[in-house]
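> The following comprises the amino acid sequence and a computationally predicted model.
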Amino acid sequence: MIIIPRRKWIFPMSYEREYMKYCRSIVQAMHEAVKAHVPQIRNYLDKYRIDEVESDDLDAIVASIMAYCHNKTIQAVVERKIKAIFEGVNDLNKEEFTAEIKDAMSVDVFQYDPWLEKMRGLWAQENSQLITKMTDSYQTRISQIVSDGVRNGASYSDVAMQIELQTGVEERHAMLIARDQIGTLNGQLTRARQLDVGITQYMWRTSEDERVRPSHRVRDGKIYSWNKSPDDGAPGMPIQCRCVALPVINTNTLRIGGIPHSEIEAMTAGGR
């Protein structure tokens, strides 16, 4: 028997917003640190001529800037926040998975996830690295902007404008990280949970709003195999994808909590 749940699988939008807010706060903390060091940057620009750039002084300014916002970007703080977001997305994903099975078969799912600890560690590590890379990039670009300002004889206002533009670039990058990583995590959790109980196919569902890309809109309602998804990946895997995978349940191959297939079919036969 093939069953596809009628209810919609909820995308973890609230955790996407939470992650976006957190990433933005890191960029804003770095920008505040730069603004707090305006006198040092201005003095540096005024002090050195084009032919006598003193990199040690600039390195000291940049080091001071990064130390100023260190409490916002230290590894332990970042990892703690990332793990908390992981737990939130996982809890919602598990609730949705359970609700989907119950909607389709009128049975409660009590599932042990032996793969979860490994996924949690890998996702936390990857996202910590992404944020560290973002902060390192900002530090490098601010240093380059100030250094170029000296070499080009730029005024502080010109340099300040470049810093503002770079901050905007980093904020957009931060938003991309948050949107992409939450969708990817939700997709990975969905895939693992469905395959773990013998669900090998899924129905593609979009978020049904104006942000859905045309190539994903045409997939809405179509059925795919987990081992043969579209070229850009299963729902949630493509960059910034908020689509979800509804389980296509085959009761002949379904395995939930050790319940035999025949008993699962018996449970569903009365109400279907």
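Okay, I see it.
> What segments of the stretch 101-250 of the chain are strands?
201-205, 223-225, 244-250 (DSSP state E, counting those that start in this stretch).
> Let's have those strands in a markdown table, adding distance to His216, mean pLDDT and mean neighbour count.
For the C-beta atoms, the positions are set from N, CA and C on the backbone; glycine is no exception. Supplementary listing: the strands of the stretch 101-250 of the chain in a markdown table, determined by distance: least, CB to CB, whole Å; pLDDT from 0 to 100; neighbours: other CB atoms under 10 Å:
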| stretch | distance to His216 | mean pLDDT | mean neighbour count |
| --- | --- | --- | --- |
| strand 201-205 | 8 | 95 | 20 |
| strand 223-225 | 12 | 96 | 14 |
| strand 244-250 | 11 | 93 | 23 |
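> Hmm, Met203 is touching Ser225, no?
No: the pair Met203 and Ser225 fails to qualify as a contact (CB atoms under 8 Å) at a distance of 11.4 Å.
> Quick one: low-confidence residue ranges for the stretch 51-200 of the chain.
Low-confidence segments of the stretch 51-200 of the chain, defined by pLDDT under 70: 51-55, 69-76, 109-110.
> repeat that for 80
51-59, 62-63, 65-77, 105-112, 151 (pLDDT under 80).
> that older thread, out of the strands of the stretch 101-250 of the chain, nearest to Ser143?
Closest to Ser143 of those is strand 244-250 (CB to CB; 42.3 Å).
> what packs against the closest one?
strand 2-3, helix 75-105, helix 156-196, strand 201-205 (3 or more CB pairs under 8 Å, 6 or more residues apart in numbering; DSSP states H and E).
> Does anything pack onto the third one? Which helices or strands?
In terms of contacts (3+ CB pairs under 8 Å, 6+ apart), helix 156-196 is packed against helix 13-36, helix 38-47, helix 75-105, helix 116-151, strand 244-250.
> Could you tell me which other helices and strands the fourth one packs against?
Here helix 116-151 is seen to pack against helix 13-36, helix 38-47, helix 55-68, helix 70-73, helix 75-105, helix 156-196 when contacts are counted using 3+ CB pairs under 8 Å, 6+ apart.
> Mean neighbour count for the ones you listed - can I get that in a markdown table?
Converted to a markdown table, the helices and strands packed on helix 116-151 look like this (neighbours: other CB atoms under 10 Å):
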| stretch | mean neighbour count |
| --- | --- |
| helix 13-36 | 18 |
| helix 38-47 | 15 |
| helix 55-68 | 15 |
| helix 70-73 | 15 |
| helix 75-105 | 18 |
| helix 156-196 | 19 |
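> got these as JSON lines, with distance to Ser137 columns?
JSON lines is the format used below for the helices and strands packed on helix 116-151 (distance: least, CB to CB, whole Å):
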{"stretch": "helix 13-36", "distance to Ser137": "10"}
{"stretch": "helix 38-47", "distance to Ser137": "19"}
{"stretch": "helix 55-68", "distance to Ser137": "12"}
{"stretch": "helix 70-73", "distance to Ser137": "12"}
{"stretch": "helix 75-105", "distance to Ser137": "15"}
{"stretch": "helix 156-196", "distance to Ser137": "7"}
